[in-house]
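Colleague: missing the sequence, but the structure's below:
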């Protein structure tokens, strides 16, 4: 149930999702539009990867998440506690897939717009304080992302309790909040194979090296300033 409430929060799921109310007032979700064309991130990320990633993978998480919510709604209505418990894993996986990807699309931007421009102001200072330098942050995130076994995500987050920025990883489609309630995602990099394999094959470090060319630090700075205010 916690993830259902989480995914409904615009601050985590991004500004692209739409809320639809059914006959029973059940909340469902639809695929957010990308703020750029599929080919706009080339050569760092190919248009083919972006289209498949968005239209197929993200859409699948949303479709399955909506089904999970329907089943959960029915189980609650019946008072079937066993069914509610069984659905939690699927809800976390598919709901997390929607939440994570909605953040990810906003974390990217074409090079000729703001992609790749390093952070300034408050977030830039916070990165220097936590990691020593911007380059040190990139080195750490690349190492964490390359070393993550299997599928998952590497995050730059604001820890509101510690009042500092930190690097975290999550497995599969676990949203960052599963690592701590005080963590707010600023930047997430998808290290599932579907995010890079068609272009980079099994060389995940090359994907991690090149994705920084299209990172939208403007978005990350805005999120940091909003959440740290």
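Modeller: Perfect, thanks for sending it. Keep in mind that what you see is a predicted model, and the values were worked out from it rather than measured. Numbering: from 1, shown residues only.
Colleague: Low-confidence ranges, the chain, go.
Modeller: Low-confidence segments of the chain (pLDDT under 70): 1-25.
Colleague: what about residue 60, distance to residue 97?
Modeller: As for residue 60, its distance to residue 97 is 8 Å (criterion: Cβ to Cβ, to the nearest Å). Any C-beta I mention is one placed from the backbone N, CA and C, and that applies to glycine too.
Colleague: between these two, which one's more packed in?
Modeller: With neighbours defined as other Cβ atoms under 10 Å, residue 60 and residue 97 compare such that residue 97 has more, 23 against 13.
Colleague: who's in contact with that one?
Modeller: 57, 58, 60, 61, 65, 173 (Cβ atoms under 8 Å, 6 or more residues apart in numbering).
Colleague: Among these, find me the one that's closest to residue 107.
Modeller: Nearest to residue 107, judged by Cβ to Cβ, of those is residue 58 at 13.7 Å.
Colleague: Neighbours of that closest one, how many?
Modeller: By other Cβ under 10 Å, 21 other residues sit near residue 58.
Colleague: Excluding chain neighbours, what is closest to it?
Modeller: residue 101 (4.4 Å; Cβ to Cβ, 6 or more residues apart in numbering).
Colleague: Please identify the buried residues of the one helix or strand the one you found maps to?
Modeller: Taking DSSP states H and E as the criterion, residue 101 maps to helix 81-106. Residues 84, 87, 91-106 are the ones in helix 81-106 that count as buried (16 or more other Cβ atoms under 10 Å).
Colleague: is it true that residue 66 touches residue 28?
Modeller: Yes: with contact defined as Cβ atoms under 8 Å, residue 66 reaches residue 28; the gap is 4.4 Å.
Colleague: Let me see the domain layout of the chain.
Modeller: 2-106, 121-228 (automatic domain parsing).
Colleague: which residues does the one residue sitting closest to the centre of the chain contact?
Modeller: When Cα atoms, centre = their mean is applied to the chain, the residue found nearest the centroid is residue 100 (2.5 Å). Counting by Cβ under 8 Å, 6+ apart, residue 100 makes contact with 153, 173, 175, 188, 190.
Colleague: Neighbour count for those residues - can I get that in a markdown table?
Modeller: Converted to a markdown table, these look like this (neighbours: other Cβ atoms under 10 Å):
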| residue | neighbour count |
| --- | --- |
| 153 | 28 |
| 173 | 21 |
| 175 | 25 |
| 188 | 24 |
| 190 | 24 |
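Colleague: isn't there a helix covering residue 178?
Modeller: Yes: counting by DSSP: H, G, I helix; E, B strand; the rest coil, residue 178 falls inside a helix.
Colleague: hang on, the earlier thing: so how far is the helix holding residue 101 off the chain centroid?
Modeller: How far helix 81-106 lies from its chain's middle: 12 Å, per Cα atoms, centre = their mean, to the nearest Å.
Colleague: Perfect, I'm done here.
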